[in-house]
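J.: Here's my sequence, what's the structure:
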Amino acid sequence: MFSNVRPDKRKPTLAQRQHQKMAESAHAYVRGNTARFYDWLASKSVQAALPQGPSVWICGDCHTGNLGPVSDLEGNIDIQIRDLDQTVIGNPAHDLLRLGLSLAMAARSSDLPGVTTALMLEEMIGGYLIGLAGRTERVDLKEVQPIRSVLVAAKNRQWRHLAQERIEDVKPNIPLGKKFWTVTEEERSELNSLVEGDGFRQLLQTIGGKEPKRVELLDAAYWMKGCSSLGNLRFAVLMGVGSKKHPEYRLLDIKEATLTAAPSAKGAKMPKGYADRVVAGACALSPFLGERMLAATICRRPVVVRELRPQDLKFELVGLEQSEAIAIARLMAGVVGRAHGRQLSREERYAWSHELKSRHGKGLEAPRWLWSGVLDLAALHEAAYLDHCRRFAMRQRRA
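T.: Residues are numbered from 1 along each chain as shown. Predicted coordinates:
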């Protein structure tokens, strides 16, 4: 259906694919529609009900698919935020609310009872507070098989696994077809200019620990990947670094940076360039990822260059058991808490923690702002998802 697509046919094909992906499940619809979340959040009554946290870099699109294992330059693995397209300096409560919505929809997609969602949101706050304090809670991975299996896979993965998964080959080329499409002459020229630039060489030096003697663009393709970002520029670039006979391969993800739907805090000082903002947010929230990223320009559009590593994976949360869902909620909230907390002083962490605790009821009760917000958002997205499916089905019938 989506074979190698000519450049002039990309837009309608990408739009069709986006509609299709968002129709796959209510959870997929939530992941692919950040704008609807922030449209709801813009209400003055909603804003008044939320706790006002310190202004820090936030993910801006903090759903379960955007958290996962990533590797640093030495090969150490940690679970961090792995997609920063929407990152801004803003209210950390926004990340908590969007994560809560995503977890609730994941529970729904796994046919778990409503009480599970209540338990998940309760555990979220506990996990977040532990992470905010800079501590890492030891989670029994036997209780969270979807997390354990991915982490085990991440530790054992090498270049051949990345190549086979991403480009379906270990040979130095990107096979055109369903996911990878032909680039234009202008795009290839721009990509060549990028890899010949000083900024790119500096990135490779940071990654490899030394200045590369030889850098060659072996192959490049337009990459149909993602959901909410479909329609923006995205390229897969295969690089050869070092000896021509025995090169080291680097696979790069080059992704267009755009205006965010996430609102920034009043008076927040952020880089003006979209790509510079993404890299700055990544360095603050996910240092393992930020050190492998570069802001650049392709075809007069801002892009973020990211080196892909075999360990960079994402969690697929389907078919969850109740105990798994609750443990995952606590674990993921802890990841977000550490990402926010590392930007704050001890006094600021204490004040934000105190604000969250002051809104927490006694016994088994998630904070009212979190529970009511997730409840409203789940109902809103469920209705919008069904309407999207209806419209998508009608388009399919006409086609």
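
J.: wait, what's in contact with residue 86?
T.: Shown in contact with residue 86 (CB atoms under 8 Å, 6 or more residues apart in numbering): 34, 59, 60, 61, 260, 261, 262. Backbone N, C-alpha and C define where each C-beta goes, glycine included.

J.: Including pLDDT and neighbour count, could those residues go into a markdown table?
T.: Output for the contacts of residue 86, formatted as a markdown table (pLDDT from 0 to 100; neighbours: other CB atoms under 10 Å):
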| residue | pLDDT | neighbour count |
| --- | --- | --- |
| 34 | 89 | 22 |
| 59 | 97 | 30 |
| 60 | 95 | 29 |
| 61 | 94 | 26 |
| 260 | 93 | 21 |
| 261 | 92 | 20 |
| 262 | 92 | 25 |
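
J.: now, which of those sits nearest residue 223?
T.: residue 61 (19.1 Å; CB to CB).

J.: Report the separation between the closest one and residue 214.
T.: For residue 61, the distance to residue 214 (CB to CB, to the nearest Å) stands at 38 Å.

J.: Residue 305 now?
T.: From residue 305 to residue 214 the distance is 19 Å (CB to CB).

J.: So for the two, which sits in the more crowded spot?
T.: Ranked by neighbour count (other CB atoms under 10 Å), residue 305 and residue 214 place residue 305 first, with 23 against 10.

J.: Look at the closest residue to the more buried one other than its chain neighbours and give its secondary structure.
T.: Leaving aside its chain neighbours, residue 305 sits nearest to residue 294 (4.3 Å; criterion: CB to CB, 6 or more residues apart in numbering). Here residue 294 is recorded as strand under DSSP: H, G, I helix; E, B strand; the rest coil.

J.: Residue 294 - how many residues pack around it?
T.: 21.

J.: Tell me the secondary structure at the closest residue to residue 217 other than its chain neighbours.
T.: Nearest non-adjacent residue to residue 217, counting by CB to CB, 6+ apart: residue 195, 5.0 Å away. Under three-state DSSP, residue 195 falls in the helix class.

J.: Tell me who's in contact with residue 195.
T.: 215, 217, 237, 239.

J.: I'd say the last one and residue 216 touch.
T.: In other words, residue 239. Yes - between residue 239 and residue 216 there is a contact at 6.9 Å, judged by CB atoms under 8 Å.

J.: And the residue nearest the centre of the protein?
T.: Among the residues of the chain, residue 83 comes closest to the average C-alpha position under CA atoms, centre = their mean, at 2.5 Å.

J.: Could you tell me the model confidence score at the residue nearest to residue 305?
T.: Per-residue pLDDT puts residue 294 at 94.

J.: can you pull the buried residues of the one helix or strand residue 126 maps to?
T.: Assigned by DSSP states H and E, residue 126 belongs to helix 114-132. Neighbour counts over helix 114-132 (16 or more other CB atoms under 10 Å) mark 116-132 as buried.

J.: quick one on the thing from earlier: and which of the contacts of residue 195 is nearest to residue 299?
T.: Proximity of the contacts of residue 195 to residue 299 (CB to CB) peaks at residue 237, which lies at 14.1 Å.

J.: could you measure that closest one against residue 295, distance?
T.: Counting by CB to CB, the gap between residue 237 and residue 295 amounts to 16 Å.

J.: okay, these two: which has more neighbours?
T.: The neighbour comparison of residue 237 against residue 295 (other CB under 10 Å) goes to residue 237, with 23 against 19.

J.: Is that one bridged to anything, and to what?
T.: residue 220, residue 252 (DSSP bridges).

J.: switch to numbering from 147
T.: New numbering, starting at 147: the last item is residue 383.

J.: who's in contact with it?
T.: Counting by CB under 8 Å, 6+ apart, residue 383 makes contact with 337, 341, 363, 365, 366, 397, 398, 400.

J.: what's the pLDDT at it?
T.: According to the prediction, residue 383 has pLDDT 91.
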